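> fold the following for me, if possible:
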Amino acid sequence: MNRDKKELEILLINYFRESFTDFPKGKIVPSESPDFLITFKNRHQLGIELTRLNPGNATLPDEQLLQKHKWREDFIERIRGLVEKDIPHRLFVKFLFSEVNPFPPENELVAAAKIAQSIRRCVSPKNPHNFFTLHLSKSELLSGLDEILIVNHPKMQSSIWERSNNLGVSGNVIEDIRVSILKKDEKLRLYQKQRLNYYWLLIVTDRLRGEKSFNLQNQVQNHTFQSRFQHVYLFDLIKSNIFELV
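Predicted coordinates for the structure are as follows:
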């Protein structure tokens, strides 16, 4: 297992635990197949498998969109450089750019400096050895950004700064969820060799959105999904929204 990948999984499962009021009590232990184990006082064990929602139905970007993505990624790296020179934290940071409002007509370096200052102001008082999450909302940011998610976990040795939906925007979110569940259901037989009492599947997505404008939350909540996992959850990272699918 890649160390950076496991560190990110540890961060995400703790973020999920903080966001989910019904998360079971018990120590989360990193594992393999499934990704995490929780042992209860009665010695029953819960296995949690974590996966990222892959937009398999995403439309391939044209040259103009590729250039916009490249600019955004370079812009994020500029902000990261300004922030990390002043703080010891190694953060997981997601930028949700606005697809409606453009950035103000000002120097890119000035804009990056303003955003970096906002991030530093929130993060600096926080202990880097503690887990914490922060959300910078649209009202706290320049036009052109809808939200910034910041998560810190002491296990993180390397920072991850990236734009939201960097895998693409789905053309059929329901189908993508069904495929994610199916792929993990096929592996559940391997997980069951550990003879755990319960199995959960956690699907994470940067931001629940698709190419079409219909209400995706209603679509997801009103659709019936099937799985051999006892519970399947979809976790919208940017908004901290959790949808129980199974």
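
> pretty sure residue 203 belongs to a helix, no?
No: in this structure, residue 203 is strand, not part of a helix, as judged by DSSP: H, G, I helix; E, B strand; the rest coil.

> look up the closest residue to residue 237, ignoring the ones flanking it.
Excluding its sequence neighbours, the residue lying closest to residue 237 (CB to CB, 6 or more residues apart in numbering) is residue 206, at 5.5 Å. In short, each C-beta sits where N, CA and C put it, glycine included.

> I figured that neighbour hits residue 241, correct?
No: using CB atoms under 8 Å, residue 206 makes no contact with residue 241, being 11.9 Å away.

> which one in this structure is furthest away from the centre?
Distance from the C-alpha centroid of the chain peaks at residue 42, with 31.8 Å (CA atoms, centre = their mean).

> from residue 2, how far out is the residue nearest to residue 237?
The spacing between residue 206 and residue 2, counted by CB to CB, to the nearest Å, is 20 Å.

> residues contacting stretch 76-91, please?
Contacting residues not belonging to stretch 76-91 are listed as 93, 95, 108-109, 112-113, 115-116, 119-120, 123-124, 126, 128, 150-152, 156-163 [CB atoms under 8 Å, 6 or more residues apart in numbering].

> and with 6 Å instead?
For stretch 76-91, the external contacting residues (CB atoms under 6 Å, 6 or more residues apart in numbering) are 95, 112, 115-116, 119-120, 123-124, 128, 150, 152, 156, 159, 161.

> what of stretch 31-49?
9, 13, 26, 28-29, 50, 184, 190-191, 196-202.

> same thing but at 8 Å, please
1, 9, 13, 24-30, 50, 184, 187, 190-191, 194, 196-202, 229.

> so the residue farthest from the centre of the chain is in which element?
For residue 42, there is no enclosing helix or strand under DSSP states H and E.

> same thing with residue 130?
Counting by DSSP H and E, residue 130 is part of no helix or strand.

> for it, report the pLDDT, please.
Per-residue pLDDT puts residue 130 at 97.

> after the longest helix along the chain, which helix or strand is next?
Taking DSSP state H as the criterion, the chain has its longest helix at helix 63-84. Remark: after helix 63-84, the chain's next helix or strand is strand 91-97, criterion DSSP H and E.

> for this protein, name the helix or strand with the lowest mean pLDDT.
helix 216-222 (a mean of 86; mean pLDDT, DSSP states H and E).

> give the other helices and strands that it contacts.
helix 173-191, strand 241-244 (3 or more CB pairs under 8 Å, 6 or more residues apart in numbering; DSSP states H and E).

> so which of these comes closest to residue 134?
Across the helices and strands packed on helix 216-222, residue 134 has its closest neighbour in strand 241-244 (16.8 Å, CB to CB).

> parallel or antiparallel, list what pairs with the closest one.
Using DSSP bridges, strand 241-244 pairs in its sheet with strand 231-236 (antiparallel).
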